[in-house]
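Engineer: quick check, what structure comes out for this input:
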Amino acid sequence: MRKITHLLLLTLIAYLFPVGSCRTDIDEITTYSVNIRFTDEQPESDLKRDITIFEYNRHDKINAKNSMKEIAYGTQETFRAADYSSKVKFLVRVYDSEKSTELWVQHVYHLEKDKNIEIVLSNNTKLAPNEPQ
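Structural biologist: Numbers count the residues shown, from 1 in each chain. Sure thing, here's the model as predicted:
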């Protein structure tokens, strides 16, 4: 009888505390890397750029926001996506001491679960005043 009790106890422990094949939160990290390749046509200009990054869930609701301030050519930053984020959109603010303009990147970047996606923003990136769908 004692042997059966021990076997039942071991089975219960094995069931409650699985080992080996379980995933951890570390395995489930979704990230995106942003590489800045904007070049100024007039290098002596004092134009600056800030970027606000909006993360959306699958219901098109803003899930999180990140930002990059006074970015320069060659800036690279990697962000960990918030839980349930499925896509990102970028709002670029171009400004100097006299004026400011906000333009949306006209591409929606879809995140891939457990992977990093590379995003390059350059002079070839299409920008417009309207948020992309």
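
Engineer: please name the nearest non-neighbouring residue to residue 64.
Structural biologist: Closest residue in space to residue 64, ignoring its immediate chain neighbours: residue 82 at 3.7 Å, by C-beta to C-beta, 6 or more residues apart in numbering. Backbone N, C-alpha and C define where each C-beta goes, glycine included.

Engineer: so for the one you found, what's the pLDDT?
Structural biologist: Looking at residue 82, its pLDDT reads 96.

Engineer: what distance do you get for it to residue 105?
Structural biologist: Residue 82 sits 19 Å away from residue 105, taking C-beta to C-beta, to the nearest Å as the criterion.

Engineer: the more surrounded of those two?
Structural biologist: Using other C-beta atoms under 10 Å as the criterion, residue 82 and residue 105 rank with residue 105 on top: 21 against 14.

Engineer: pretty sure the more buried one is touching residue 121, no?
Structural biologist: Yes. Between residue 105 and residue 121 there is a contact at 6.6 Å, judged by C-beta atoms under 8 Å.

Engineer: identify the contacts common to those two.
Structural biologist: 90, 92 (C-beta atoms under 8 Å, 6 or more residues apart in numbering).

Engineer: is it fair to say residue 51 lies in a strand?
Structural biologist: Yes. The assignment for residue 51 (DSSP: H, G, I helix; E, B strand; the rest coil) places it in a strand.

Engineer: please renumber so the chain begins at 57
Structural biologist: All right, first residue 57 from here; so that's residue 107.

Engineer: quick one: residue 174 and residue 93 touch, right?
Structural biologist: No. In this structure, residue 174 is not within contact of residue 93 by C-beta under 8 Å, at 11.8 Å.
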